[in-house]
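Trainee: Have a look at this fold, sequence not included:
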Ligand SMILES: NC(=O)c1ccc[n+]([C@@H]2O[C@H](COP(=O)([O-])OP(=O)(O)OC[C@H]3O[C@@H](n4cnc5c(N)ncnc54)[C@H](OP(=O)(O)O)[C@@H]3O)[C@@H](O)[C@H]2O)c1
């Protein structure tokens with residue numbers, strides 16, 4: 001079996017590198033990790049070349065153009081990476097009867113729904129990044145609709161944090177520099193740990209004996225249970241850092257909740273990023289695998305605390 005992972009240097013890509021290193025995958029699979037220095041994902045011909053040369057039976061696309069505000073000005077690059085590149089990967093998958101695992105975002109929604117979003121809800125992105133990711137989803141679905149071979153899953157997730165730049169690390173840096181912070185308190189979602197997401201992905205593809213598990217092609221919301229605002233997450237991150245003995249200028253009482261309209265950014269964000277994960281839970285429940293279910297039901301709060309504790313240990317705060 002051959003597995004290719006695009007985006008090896010991103011948060012999720014690094015999580016995949018860790019997982020594949022600690023599990024016995026090297027015994028059953030040849031894995032190629034691909035980064036920007038191997039291929040520019042705006043180059044479709046380059047993607048085709050790399051896929052045909054390696055001929056994987058599983059493609060994991062952890063790469064994306066994720067600079068949300070910059071995408072407002074770099075629309076063409078965002079579309080090339082987020083829509084054309086996955087379309088190219090999907091085309092390879094149907095031609096070669098391969099599996100394609102791709103990642104998408106809560107930003108494909110406008111956030112105006114009351115309650116949680118389910119997979120079939122209408123996409124209506126507010127910003128160019130969201131539009132490019134939505135175009136990627138649609139392109140994959142269209143390629144697979146025309147064929148009976150291959151299989152795909154699009155994992156929509158939200159507020160990812162791992163080994164890389166993310167909201168938690170930005171807040172901790174700012175809390176060291178400033179004694180007052182103003183954080184948006186009217187946008188809701190749930191933070192998703194990249195290591196957790198990579199583990200859920202591997203559990204989705206394989207059973208405990210590393211045999212491939214069949215799954216229905218489609219979109220899946222892959223987020224932990226629960227919800228929070230950016231303000232709530234900032235509070236949790238700062239409290240966790242203080243618990244680790246990190247000296248911060250901004251204490252929790254110095255963080256002020258503000259409305260999103262008070263902090264305008266180039267790219268508008270959805271106010272409601274709550275994604276229902278019921279479809280994935282149902283699928284995993286059918287497999288009667290206690291370990292997988294336990295992993296799915298982890299506590300995101302505890303995960304944020306552990307993440308901050310690790311940052312503190314690694315002197316990254
Ligand atoms: N981060 C979030 O909060 C969030 C939320 C919802 C969904 N998602 C989705 O989750 C997935 C993983 O996100 P992440 O946080 O791991 O992203 P990330 O840390 O920004 O990593 C993205 C990776 O894609 C690579 N990349 C971007 N443009 C490229 C190009 N033209 N050619 C080659 N490589 C390119 C980057 O390469 P370099 O390292 O060289 O720049 C980077 O390694 C993505 O599909 C994203 O849309 C993320």
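Mentor: Arrived safely. Since this is a predicted model, take the numbers as computed values, not measurements.

Trainee: what's the nearest residue to the residue in the stretch 151-300 of the chain positioned nearest to the ligand if we skip its chain neighbours?
Mentor: Relative to the ligand, the nearest point of the stretch 151-300 of the chain is residue 160 (3.5 Å; C-beta to the nearest ligand atom). (Each C-beta comes from the backbone N, C-alpha and C, glycine too.) Leaving aside its sequence neighbours, residue 160 sits nearest to residue 192 (C-beta to C-beta, 6 or more residues apart in numbering; 5.2 Å).

Trainee: average pLDDT for stretch 126-140?
Mentor: Mean per-residue pLDDT for stretch 126-140: 98.

Trainee: from the chain's centre, how far out does it sit?
Mentor: Stretch 126-140 sits 14 Å away from the centroid of its parent chain (C-alpha atoms, centre = their mean, to the nearest Å).

Trainee: buried residues in that stretch?
Mentor: 126-137, 139-140 (16 or more other C-beta atoms under 10 Å).

Trainee: Read off the pLDDT value for the closest residue to the ligand within the chain.
Mentor: Nearest residue of the chain to the ligand (C-beta to the nearest ligand atom) works out as residue 10 at 2.1 Å. Reported pLDDT at residue 10 in the predicted model: 98.

Trainee: and residue 101, that one's in a strand?
Mentor: Yes: applying DSSP: H, G, I helix; E, B strand; the rest coil, one finds residue 101 inside a strand.

Trainee: Could you double-check that it lies in contact with residue 201?
Mentor: Yes: if you go by C-beta atoms under 8 Å, residue 101 and residue 201 touch, sitting 6.1 Å apart.

Trainee: quick one on the thing from earlier: out of the buried residues of stretch 126-140, which are close to the ligand?
Mentor: Restricting the buried residues of stretch 126-140 to those near the ligand by C-beta under 6 Å from any ligand atom leaves residue 133.

Trainee: closest to residue 271 among the buried residues of stretch 126-140?
Mentor: Among the buried residues of stretch 126-140, residue 126 lies closest to residue 271 (C-beta to C-beta), at 9.5 Å.

Trainee: wait, doesn't that closest one sit right on residue 110?
Mentor: Yes: using C-beta under 8 Å, residue 126 makes contact with residue 110 at a distance of 5.5 Å.

Trainee: Could you tell me which residues touch both of the two?
Mentor: The contact sets of residue 126 and residue 110 overlap at residue 270 (C-beta atoms under 8 Å, 6 or more residues apart in numbering).

Trainee: Heading C-terminal from the lowest-mean-pLDDT helix or strand in the chain, find the next helix or strand.
Mentor: Every helix and strand of the chain was ranked by mean pLDDT, DSSP states H and E. The lowest is helix 25-28, at a mean of 80. Per DSSP states H and E, the first helix or strand lying C-terminal to helix 25-28 is strand 30-34.

Trainee: for the helix or strand hosting residue 45, which positions count as buried?
Mentor: Residue 45 is part of helix 44-54 when elements are defined by DSSP H and E. Of the residues in helix 44-54, those buried under the neighbour-count criterion (16+ other C-beta under 10 Å) are 44, 47, 50, 51.

Trainee: Sweet, I'm off.
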